[in-house]
Structures are given as structure tokens and as C-alpha cells.
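In: Need coordinates for the below:
(one chain, ligands or ions: 1)
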Amino acid sequence: MTLISHIINGQETSGDTGLRQPVYNPATGEVSGHVALGETREVDAAVRAAEAAFPAWSATPPAKRAAIMFNLRRIMQTRADEIARTISAEHGKTHDDALGEVTRALEVVEFACGIADKLKGDFSRDVGPGIDSCAERQTLGVVAGITPFNFPSMVPLWMIPMALACGNTFVLKPSERDPSSANLIFDLLREAGLPDGVLNIVHGGKAAVDALLDHPVVQAVSFVGSTPIARYIYTRGCAAGKRVQALGGAKNHMIILPDADLDQAVDALMGAGFGSAGERCMAISVAVPVGEETADRLVEKLTPKVAALNIGPPSDPEAEMGPVITAEAKERIESLISAGEAEGAQVLVDGRGYKLQGYEGGFWVGGTLLDRVTEDMTVYREEIFGPVLSVLRAPSYDHAVDLINKHQYGNGTALFTRDGDAARDFARRIQVGMVGINVPIPVPVGYHSFGGWKQSSFGGHGIYGPEAIHFYTRLKTVTSRWPTGIRAGAEFNFPTME
Ligand code: NAD
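Out: Predicted coordinates:
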């Protein structure tokens with residue numbers, strides 16, 4: 001059986017702890033391999049390798065670092081199918097969905113290809129007599145990334161291309177539930193020409209994360225995962241003096257106004273609610289139709305579609321969604337559906353106890369549709385992260401907006417309407433970081449930045465795109481004067497450049 005090892009200074013190693021954790025094929029429930037679990041020693045070795053690689057890598061001209069990103073882009077395009085298969089084998093998402101993940105990751109690589117231009121500084125001549133000033137962004141040093149299970153390739157690639165292109169060296173601690181994609185990313189970058197030690201991978205759980213957060217050499221930490229862990233990472237990392245960006249969970253609402261094209265809205269809800277079995281931080285998990293008539297029409301159209309969802313393993317080209325990640329995730333999602341039912345939600349389509357012939361051991365949850373969900377219900381307050389769509393009926397547009405603004409999460413949201421005024425008002429007033437107008441999953445493209453508000457993000461830095469350049473570099477301003485401009489004698493007043 002496969003052992004998924006750490007990669008430190010270009011070498012595979014299973015580390016010293018002797019600890020292992022099974023990795024599953026979620027479609028069958030069978031163990032497909034084991035992942036080595038690193039702790040303090042493995043993290044220290046990885047950080048030291050990154051520290052040793054830093055001087056040469058940060059001194060490599062940005063255009064040469066970009067050349068490696070160009071190579072990576074070509075290799076990823078050529079090997080996209082293999083990357084997608086590696087994702088699906090441990091995550092369970094459909095092959096086409098995994099290919100979509102690869103495409104979105106490629107956007108970040110493409111942005112990183114332009115790093116030489118992005119790192120250009122500012123120069124001002126004659127800020128005072130004979131005085132010039134220049135501002136540049138310098139690289140940080142060793143930075144770390146801690147990533148979730150749901151995009152085992154894309155989320156590490158939200159971080160790695162940008163951090164490396166900016167001249168940093170990197171230690172990745174991927175999700176221990178689907179760790180093989182991270183090792184494949186390493187292989188791709190090695191093939192692209194990345195020197196040893198620039199990217200290191202330590203597998204593991206909390207002990208490895210804590211060792212990274214406490215390590216004095218690590219300058220910055222990027223985290224993507226659930227909100228309680230994001231808050232913890234932010235607090236502990238900042239207390240250790242690091243720069244931290246920590247992106248958390250979500251509860252994304254889609255408002256459907258009475259004038260919306262209902263068929264379009266229903267299709268959008270199906271894809272955004274059930275694609276990847278709802279295991280996306282940008283999944284729509286709450287539909288908010290405005291007015292009882294809109295709600296009745298929406299629910300009438302949605303119900304048969306949810307009941308007819310085509311569920312299957314990644315090898316089934318017709319499948320619209322796959323299993324959930326683990327047996328525990330299945331149990332948690334099913335118990336949340338039961339909590340919703342007990343609190344008064346109407347279960348219109350029930351995905352509990354779903355079985356797929358030939359895959360009886362898999363972690364399946366069927367598509368679930370809950371109607372008449374209210375604000376006080378657990379199923380509304382908490383992130384479910386499964387194929388469960390709640391319908392919360394709002395009496396008015398203002399009520400729907402208030403609902404979203406009051407929610408603890410603020411990752412993504414969408415409005416479906418034909419009314420430009422309402423759309424404009426929504427985009428301005430809504431307390432959410434990523435907004436879609438007739439676009440259900442408004443994930444920004446690679447040359448913008450991704451980031452939520454409120455409990456969906458800690459640290460105020462967006463991930464990838466222009467915000468990543470700021471996160472992975474720091475500002476230096478040099479003010480210079482040459483001898484002819486220097487007057488004799490000490491100046492005791494605050495300098496005014498005169
Ligand atoms: P998770 O928080 O359980 O795990 C994320 C990472 O944190 C993993 O690498 C894990 O090993 C580590 N971790 C887990 N428990 C820890 C602990 N106690 N101490 C230290 N580290 C710990 O998240 P997940 O279940 O892998 O991913 C799903 C979550 O991620 C969902 O909440 C989803 O909304 C969120 N997510 C958010 C975004 C975003 O951009 N905002 C993107 C993808 C996923």
C-alpha cells in the first residue's frame with residue numbers, strides 16, 4: 001500500500017515519528033494508502049531546508065523565477081488529466097469538476113508568470129534638492145501554507161506560485177485527508193526546474209501546524225480551512241509575530257427576486273449547491289426567494305431536479321456529484337439534516353441513508369432540499385459543507401439583504417434579478433467579500449484576488465492576484481542624497497527635504 005511521504009529538500013522522507021494515518025477512496029470507503037504524519041522535527045527540517053534555499057532563490061532574477069512558472073503552466077496543461085485523477089481518487093469529486101479545479105489553479109500560475117512586471121518599484125527623482133526616493137517590495141523569507149481537503153490542488157496553488165514568484169521559499173502542510181495532490185504539485189514544479197529546498201511538504205495534523213506557527217524562521221502563514229481553525233491560526237500566528245492570512249468557512253446565500261429568470265436561477269442553484277457534493281467554500285447553501293409566490297415556483301422547479309441528481313464515482317462520466325470526504329463528514333451532514341427537521345424545516349428531498357449500488361462502503365449523501373428554514377435553526381446558522389440546500393423564504397428584498405448582513409459568514413453571495421437598480425444596490429450594501437449578479441459562484445479570476453469578510457476571513461489579506469504580491473512581500477523605501485546635495489552641519493529639526 002502507498003505511503004505518502006514528506007518532501008524535504010527535494011527528498012522523500014517518512015520522518016521520525018512513525019505516525020501514519022489512512023487515506024480513503026471516498027467512493028468505495030476503502031483505504032487507498034497511508035500518509036506519514038510529521039511533527040516538530042519534520043517541520044524544523046523542512047523550514048531549515050527552505051531557509052538554506054532562500055538566499056539563492058530570492059537572488060534569482062524575477063524573470064528567471066517567472067520562467068519556471070511558464071514551464072509549470074505548460075506541464076500542468078499537458079498533465080491536467082493526471083492531476084484531476086489524483087484529486088478525484090482521494091477527494092471523490094467528478095473528473096470534470098477536478099479538471100475545473102486544475103483550470104482555476106492555472107490562472108494563478110499564469111498571473112505569477114508576469115511577476116517581473118508586478119514587482120516593479122516606484123521611483124521619484126528630486127523629492128528634495130538632490131534627493132531621490134524609491135519604493136520597492138522585497139521578499140519575506142520562509143513562508144508556510146496550510147490547506148483544506150476540498151481543493152487539494154487548487155488551494156495550494158493559490159499560494160505556492162505567488163509566494164515563490166515573489167522570491168520566498170515555502171513549506172506546505174496539506175490536508176491529511178487527500179495528501180497525494182500536494183506531492184504531485186512538487187513533482188510538477190521539480191520538472192519545471194524548481195531548485196531543491198524552495199518548496200517543501202510536511203504532512204500531518206495539528207502538531208505539524210503548531211510547529212509551523214511557532215517556528216521563529218517562518219515569516220508568514222497562509223491558511224485556508226474552517227473558521228474555528230482559521231481563528232486559531234490567526235491568533236497563534238500573530239502572537240508569534242508572523243504575518244497571517246486565514247480564510248475560513250462560509251454560508252453563501254443566493255437571493256432570487258420575483259423578476260429573475262427562474263429556470264436560470266434553478267440551474268444556478270443546482271450547480272452551486274450540489275456541485276462537488278456541496279464541499280466548496282463558495283457553494284450556495286441557502287436560497288432566499290423573495291415573496292411566497294417566487295418561493296413556491298422555485299421549490300416546485302427545484303424539487304424534482306434535486307431528487308433526480310445523478311450521483312456517482314469519479315469514473316462515471318455522467319455523474320453530477322460524488323461522495324463526501326469521510327465517514328465522519330457523512331455522519332455530521334446527516335445529523336445536521338436531522339437537526340433541521342427536528343427544528344421544523346420541511347425535508348422535501350432527503351439524502352440521508354443514500355446507497356449506491358456497487359459502492360455500498362462509500363461515503364454517500366444524497367442531494368437534500370430543505371424548505372421553510374428559519375434564521376434560528378442550526379441548519380441555517382452553521383456551515384454544513386455537504387449536498388444540502390436550504391430554502392429560506394424572505395418577505396422582501398430588504399429583509400433578504402438584512403439576513404445576509406447579519407450572518408456570521410461573509411464569503412460569497414449572489415443576486416438573481418433583471419433589475420439593474422436592485423443589483424447596484426445589492427453590490428454596494430451587502431456585507432460579503434465576493435458578490436455575484438446572476439453569477440452563482442463569483443470566484444474572482446487569477447488577476448483579481450479572492451477573499452471573504454467577517455468570520456470567513458481573518459487578517460484582511462485576499463489570496464492570490466495583486467493582494468498576494470502585498471502579502472508575500474514587504475515595502476522598502478530608500479531615500480538617497482549624494483555628496484553635492486549635503487549641506488554642512490547637523491540638522492535637528494524634523495527633515496523636510498528642503
Ligand atoms: P479544516 O479547518 O478541518 O482543515 C484545514 C487545515 O487545518 C488542514 O490542513 C488541517 O490539517 C488543519 N487542521 C485541522 N484541525 C486543526 C487544528 N485543531 N489545529 C491546527 N490545524 C488543524 O478544514 P477542511 O475540513 O479541510 O476544509 C473545509 C473547510 O475549509 C470548510 O469550512 C470550507 O468552507 C473551508 N474553505 C474555505 C475556503 C476559503 O477560501 N474561505 C476555501 C476552501 C475551503
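
In: tell me the phi and psi of the nearest residue to Ala80 once chain neighbours are set aside?
Out: In this structure, Ala80 finds its nearest non-sequential neighbour in Val102, 4.9 Å apart by C-beta to C-beta, 6 or more residues apart in numbering. In this view, the C-beta of every residue, glycine as well, is placed from N, C-alpha and C. Val102 adopts backbone torsions of phi -60, psi -40, taken as degrees, to the nearest 10.

In: Just give me the neighbour total for Val102.
Out: Residues near Val102, counting by other C-beta atoms under 10 Å, number 21.

In: ok and the residue in the stretch 201-350 of the chain nearest the ligand?
Out: Gly225 (2.7 Å; C-beta to the nearest ligand atom).

In: helix/strand/coil for the residue nearest to that residue when sequence neighbours are not counted?
Out: Of all residues not flanking Gly225 in the chain, Pro148 sits nearest, at 4.3 Å (C-beta to C-beta, 6+ apart). Assigned with DSSP: H, G, I helix; E, B strand; the rest coil, Pro148 falls in the coil class.

In: Let me see the contact set for Pro148.
Out: 155, 175, 224-226 (C-beta atoms under 8 Å, 6 or more residues apart in numbering).

In: Which of those fall in strands?
Out: Within the contacts of Pro148, residues falling in strands by DSSP state E are Val224.

In: Return the distance of Glu383 relative to the ligand.
Out: Counting by C-beta to the nearest ligand atom, to the nearest Å, the separation of Glu383 from the ligand is 5 Å.

In: residue ranges with poor pLDDT in this structure?
Out: 485, 487 (pLDDT under 70).

In: Pull up the residues of the stretch 151-300 of the chain that are close to the ligand.
Out: Within the stretch 151-300 of the chain, the positions lying close to the ligand (C-beta under 6 Å from any ligand atom) are 151, 155, 173, 175-176, 205-206, 209, 224-226, 229, 232, 247-250, 281.

In: Adding neighbour count, write the contacts of Pro148 out as JSON lines.
Out: Converted to JSON lines, the contacts of Pro148 look like this (neighbours: other C-beta atoms under 10 Å):
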{"residue": "Val155", "neighbour count": "31"}
{"residue": "Ser175", "neighbour count": "25"}
{"residue": "Val224", "neighbour count": "27"}
{"residue": "Gly225", "neighbour count": "22"}
{"residue": "Ser226", "neighbour count": "16"}
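
In: related to what we said a few turns ago, next, give phi and psi for the residue of the stretch 201-350 of the chain closest to the ligand.
Out: In terms of degrees, to the nearest 10, the main-chain angles of Gly225 are phi 170, psi -150.

In: Also the one 5 residues further on?
Out: Dihedral angles of Ala230 (phi, psi; degrees, to the nearest 10) stand at phi -60, psi -40.

In: Please look at it and Gln245 and confirm they touch.
Out: No. Shown here, Ala230 and Gln245 do not form a contact pair, counting by C-beta atoms under 8 Å, at 9.4 Å.

In: Indicate the residue of the stretch 1-150 of the chain located nearest to the ligand.
Out: Closest point on the stretch 1-150 of the chain to the ligand, by C-beta to the nearest ligand atom, is Pro148, at 3.0 Å.

In: Are there residues contacting both of Ala230 and Gln245? Which ones?
Out: What both Ala230 and Gln245 touch, as defined by C-beta under 8 Å, 6+ apart, is the set 223, 457-458.
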